[in-house]
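K.L.:
prediction below, plus the sequence it came from.
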Amino acid sequence: MTDLLRIGTSSLLNMQQAINTVGHNITNVNTPGYSRQSVTFEARSAQSYGFGYVGSGAYISGVNRAADDFMTSQIHSFTASESRYRTLVGFTSRLDSLVADADNSLNTSLQGFFNAMQDVATNPASMPERHVLLSNATNLVSRVEALNSRFASLASEVDTQVDTLVRDINTLIGNLGAVNREIVSAVSAGKGNPPNDLLDYRDQLLTRLAEKVGISVVPQQDGSVNVFAGQGQALVVGTEVNLLATQPNAYDASRLDIVIKDSPGATPINRFLTGGALQAALEFRDGTLRQAQSQLGLIALGLTESFNALHEQGVDLDGNAGGKFFAGISLGVAASGRNKGNAMPQLTLQDASAVRASDYKVEYDGTQWTWTRVSDGTSVSGNGTLEFDGMTLDLSSGTAQGGDSFQFNPALQAAGQFALVLKDPAQVAAASEAGAVGDNSNALKLAELQFAPLVNGGKDTLQQFYGTLVATVGLGSREAQSNLSLEAALLGQAQQYRDSLSGVNLDEEAANLLRYQQAYQASAQIIKIADEAFRTLLGALG
Amino acid sequence: MRISTSQLYNLSLAAMQSQQAKLQKTELQIASGLRILQPSDDPAGAVQVLNLNTNMGLVDQYERNASQAGAMLGYEESVLENVNSTLQRIRELVVQANNPINHDGARKDIGLEIQQRLEELLVLGNTRDQNGEYLFAGNRTDQRPFTEQNGTYTYQGDAGTRQIQVGEGAKVAIRESGATLFMQVPTGNGTIAVSPEAGNTGTLLVGQYGTRKDYVEDTYQVRFFLQGSDLHYEVTDSAAPPTVVDGGPYAQGKSLAFNGIDIALSGAPQDGDTLTVEPAGSDSLFAMVDRIAAALITPTANTADRVKVQAAMAQGLANLDQALEGVNVRRASIGARLNNIDTASSINQDFRLQLDTVKSQVQDLDYAEALTRFNLQLVSLQAAQQAFIKTSELSLFNYL
């Protein structure tokens, strides 16, 4: 009879636990990352009597969460990709709309400028046409300035985001170290039983981390996990954490690089951080955005150099030789902050049409110099004076140490220097010959620059190259969008699988509630029967 | 497959959101009438639209240039028409003055009118356009091209022309030098000029003259002299010493023919009278007209003087004919250029139309397709919403 009472009470308690678990599930139906938990019952070992074994009730062998490590790791990896492209789409679509408006496009401004030049060619001695030309030139300059400053502000916005992301990542890494510690102690305190909610919490932290940066997770025996970012950079090892930090780029202090915190002068780890919003920010800033900005600058450089050269060959309305139309562009080379020598290469522009919209890197290996076009890796090597892409570098000033390096982007520099210097309409050099105010021959040549291949290695006209810029931006955005829809579908599918396995279904919980409630009521009946049996026995005795 | 409750909500929500996004895109397309809203919608198409816009801007500019060039040439043409009628008037006056019944007074009146016409010619030569630029100064459009000082006329312009782009690869000249029209009128008949010496005492008059294929270019002297009582003539060339190329007795009205040159003569030369036959040079139209007027205004004392007036009139007529021809050649050239402009302009317009069509094909929305799509998306969204409401009503808890 005590057996029956014991079976009844333990069953009552078991069912209470089961109902608690159902309640826990129901309240967490909307908790992100929650894995439904279930109580597993096992029959107690039976007692042997002469006639056979008699059961002695049930006990709870465990409370487990419905989770699958493979699925979880898939979610981490898809989250990283999806978040990367979602962030990238956010950035590229803004760039996209920046160049979308046809009425305000640079193309329209270029067209207006060259049309006004043709009007000057039609009426070279007339002032109104010259005024219109200058106002169109001003419009062109302000259009380039506006685009360039929008590009630049996008770049600085990206840097702000990089900074925020690094701080978020550091917080998450810190949390992960802490939760690892709690899990290890919970596992050991719970004699190997899983601390389900902590595990869910850690998975949730990992998913949030994967949104910022791609990770790989390696579970350890003690219940902790080691976390590596991108291509093997350890962020969390057990309870130890490696925090990240930002530092200004060695060549260009306006851009932030990412390094391991507390290791000053360390090499940036930008390229190892693949996946997540961080990669998107870096690849947008250093990729599509920088390319678009360089392409814009190349248009400014090509127009300035060729227009000025031709304009200086002409004669203005007062019979004076033509001066500069656009402000001269001065190019320079930036030395790495880590250089040991004091060499300073001197850059001279020879032929603007040969310059490419790319970064250029100059490195000294101890015996000779190598000058590389970063966009495609083409390079020249040697000492003294090097010639490349329409520019010359005089490498003889100062002394370089092996490993010293320099960088520059002529197009990007030009984008920021594009300006109109000619202010007096009479100074437009429309003529080729002094005194011939009706001579339009130079104006005609200037107008024909519209069709001359002035940029990108002498392959494109200014307007064709603006088309390349729009294509770069459009394709960048489109590619990000199509990658996003693919990754979003993959992530969605993985989440479906996960939710399907781990998510709470209220109907199921309602059914379980009924089931455990009935079992609870039945258990209470067992106790009642046991009680009545006692009473009967006691009554018989009394 | 097992479905979790949040999955049910998330899936329905995601489905509705995606429908909404599509619907909004279609709505934007319909509102703007454009298929490409951002370059990423169709990068190749977007670049194509850019190129089409470039070409359109260019064609529009060519059209603008063409209409300006047309207007400028039309103006020049109308000025030349005035030059033409002034020259015709002068020519009529010369013919009128050449009538032997005119006495000095009548000739003087005509001479004075011709001087008026000369002023008119000078004003026409110095015509300015609406921008205040001289039409006939070449590229020195700020310089008054024709000036007179002490009876000498000078051209202050240059030989430059102004080219204007009126179409793809089509340039038209709209400004030219006025020198050929007003300063370089060929003398004589354009090939040779035959002029009697100013000191001739006879009544010799030069009639029609011309050259044949075998014309030998040189400066010849025709001298009339008495041999005994017979009048002879002798033609010598410019060699040193001169070679006699023709000669013999001269009868009044005899035509001369030597070295491919024919000269009709009339009147009676006197002993010692000479003619010069030389390759045509060029002279200023103003000076030519000035000489005609001067010849008419100068009083005549005797027959020889009147013959000189007649000779001057004959020369003047020849000069005017050359000037008129020059004007007509220029007018024909302007006509040809106006034709070129018309051709270029019609090519431009065709091209523009073609560009519009292509741009519309690339960029514009197919409304029928878009509206069908819009309706379909609307129905899908409504269906998703209704389905969501229905499924979310289902719960076992409703029955507990």
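P.N.:
Arrived safely, thanks for sending.

K.L.:
where's the residue in the stretch 201-350 of chain B that chain A sits nearest to, which helix or strand?
P.N.:
Going by CB to the nearest CB, chain A is nearest to B:I341 of the stretch 201-350 of chain B, at 12.6 Å. Placement of C-beta: from N, CA and C, glycine included. Applying DSSP states H and E as the criterion places B:I341 in helix B:303-363.

K.L.:
go on, B:L231?
P.N.:
According to DSSP H and E, B:L231 maps onto strand B:230-236.

K.L.:
the following helix or strand past that strand: how far from the chain's middle?
P.N.:
Next in sequence after strand B:230-236, counting helices and strands by DSSP H and E, comes strand B:244-249. Chain-centre distance of strand B:244-249: 48 Å, with CA atoms, centre = their mean, to the nearest Å.

K.L.:
I figured A:G57 was touching A:R44, is that so?
P.N.:
Yes. A:G57 lies in contact with A:R44 (CB atoms under 8 Å); the separation is 5.1 Å.

K.L.:
neighbours of B:A21, just the number please.
P.N.:
11 (other CB atoms under 10 Å in any protein chain shown).

K.L.:
so it, which of the three states?
P.N.:
With DSSP: H, G, I helix; E, B strand; the rest coil as the basis, B:A21 sits in helix.

K.L.:
of A:G57 and A:R44, who's got more company?
P.N.:
Between A:G57 and A:R44, counting by other CB under 10 Å, A:G57 is the more crowded of the two (19 against 13).

K.L.:
how close does the more buried one sit to A:L514?
P.N.:
Distance, A:G57 to A:L514, using CB to CB, to the nearest Å: 22 Å.

K.L.:
would you put the C-alpha positions of the strand holding B:L231 in PDB?
P.N.:
In PDB, the C-alpha atoms belonging to strand B:230-236 read as follows (Å, rounded to 0.1, in the frame of the first residue of the first chain):
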ATOM      1  CA  ASP B 230      47.900 103.500-144.100                       C
ATOM      2  CA  LEU B 231      47.000 102.600-140.500                       C
ATOM      3  CA  HIS B 232      48.800  99.500-139.300                       C
ATOM      4  CA  TYR B 233      48.700  97.600-136.100                       C
ATOM      5  CA  GLU B 234      51.300  95.500-134.300                       C
ATOM      6  CA  VAL B 235      50.900  93.100-131.400                       C
ATOM      7  CA  THR B 236      53.900  92.500-129.200                       C
END
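
K.L.:
buried residues in that strand?
P.N.:
For strand B:230-236, burial by neighbour count (16 or more other CB atoms under 10 Å in any protein chain shown) applies to B:231, B:233-236.

K.L.:
which element is A:S38 on?
P.N.:
strand A:37-43.

K.L.:
next SSE downstream of that strand?
P.N.:
The first helix or strand that comes after strand A:37-43 along the chain, using DSSP H and E, is strand A:47-49.

K.L.:
so what touches that next one?
P.N.:
A:53-54, A:56 (CB atoms under 8 Å, 6 or more residues apart in numbering or on different chains).

K.L.:
that strand pairs with which strands?
P.N.:
Strands adjacent to strand A:47-49 in the sheet, as given by DSSP bridges, are strand A:52-54 (antiparallel).

K.L.:
what about the strand it pairs with, average pLDDT?
P.N.:
Averaged across strand A:52-54, the pLDDT comes to 91.

K.L.:
and for stretch A:81-97?
P.N.:
Averaged across stretch A:81-97, pLDDT comes to 93.

K.L.:
and it with chain B, contact?
P.N.:
Yes. Stretch A:81-97 is in contact with chain B by CB under 8 Å from any CB of the partner chain, via A:92-93, A:96-97.

K.L.:
now rank those by neighbours and give me the top one.
P.N.:
Counting neighbours by other CB under 10 Å, A:T92 leads the residues of stretch A:81-97 next to chain B with 28 neighbours.

K.L.:
pretty sure that residue sits against A:A480.
P.N.:
Yes. Here A:T92 reaches A:A480: they are 4.9 Å apart, a contact under CB under 8 Å.

K.L.:
tell me how many other residues crowd the closest residue to A:F151 other than its chain neighbours.
P.N.:
Excluding the flanking residues, the one nearest A:F151 by CB to CB, 6 or more residues apart in numbering or on different chains is A:Q293, at 4.2 Å. By other CB under 10 Å, the residues close to A:Q293 number 25.

K.L.:
Three-state assignment for the closest residue to chain B within the stretch 301-450 of chain A, please.
P.N.:
Distances between the stretch 301-450 of chain A and chain B by CB to the nearest CB are smallest at A:G438, namely 3.2 Å. Secondary structure, three-state DSSP: A:G438 is coil.

K.L.:
thinking it is in contact with B:E133, fair?
P.N.:
Yes. A:G438 lies in contact with B:E133 (CB under 8 Å); the separation is 6.0 Å.

K.L.:
pull the contacting residues for A:A292.
P.N.:
The contact partners of A:A292, taken as CB under 8 Å, 6+ apart, are A:95, A:99, A:151, A:469, A:472-473.

K.L.:
ok, 7 Å please
P.N.:
Applying CB atoms under 7 Å, 6 or more residues apart in numbering or on different chains, we find A:A292 in contact with A:95, A:151, A:469, A:472-473.

K.L.:
kindly reformat those residues as a markdown table containing neighbour count and secondary structure.
P.N.:
What follows is those, written out as a markdown table (neighbours: other CB atoms under 10 Å in any protein chain shown; DSSP: H, G, I helix; E, B strand; the rest coil):
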| residue | neighbour count | secondary structure |
| --- | --- | --- |
| A:L95 | 25 | helix |
| A:F151 | 20 | helix |
| A:L469 | 26 | helix |
| A:T472 | 22 | helix |
| A:V473 | 28 | helix |
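
K.L.:
between those residues, which is closest to chain B?
P.N.:
Among these, and counting by CB to the nearest CB, the member closest to chain B is A:V473, at 5.8 Å.

K.L.:
domain ranges for chain B, per the record?
P.N.:
Annotated domains of chain B cover B:34-188+B:282-364, B:191-279 [automatic domain parsing].

K.L.:
return the distance of the longest one from the chain's centre.
P.N.:
Relative to its chain's centre, domain B:34-188+B:282-364 lies at 6 Å (CA atoms, centre = their mean).

K.L.:
mean confidence score for it?
P.N.:
For domain B:34-188+B:282-364, mean pLDDT is 91.

K.L.:
so for that domain, first residue to last residue, what's the gap.
P.N.:
Across its full length, domain B:34-188+B:282-364 reaches 5 Å between end residues, using CA to CA, to the nearest Å.

K.L.:
stretch A:382-396 too?
P.N.:
End-to-end span of stretch A:382-396 (CA to CA): 12 Å.

K.L.:
list the buried ones in it?
P.N.:
Buried residues in stretch A:382-396, defined by neighbour count with 16+ other CB under 10 Å: A:386, A:388-391, A:393, A:395.

K.L.:
is A:S477 in contact with B:S40, as I believe?
P.N.:
Yes. Counting by CB atoms under 7 Å, A:S477 does reach B:S40; the two are 3.6 Å apart.

K.L.:
just name the most buried of the domains of chain B.
P.N.:
Highest mean neighbour count of those: domain B:34-188+B:282-364, a mean of 18 (counted as mean count of other CB atoms under 10 Å in any protein chain shown).

K.L.:
contact partners for the residue nearest to A:L469 when sequence neighbours are not counted?
P.N.:
With sequence-adjacent residues excluded and distances taken as CB to CB, 6+ apart, A:L469 is closest to A:Q295, at 4.2 Å. With contact set as CB under 7 Å, 6+ apart, A:Q295 has these partners: A:357, A:465, A:468-469, A:472.

K.L.:
confirm A:Q295 sits in a helix?
P.N.:
Yes. Assignment of A:Q295 by three-state DSSP places it within a helix.

K.L.:
any idea how far A:T472 is from it?
P.N.:
On the measure of CB to CB, A:Q295 and A:T472 end up 6 Å apart.

K.L.:
re earlier: the strand holding B:L231 pairs with which strands, and in what direction?
P.N.:
Partners of strand B:230-236 in its sheet, by DSSP bridges: strand B:220-227 (antiparallel), strand B:244-249 (antiparallel).
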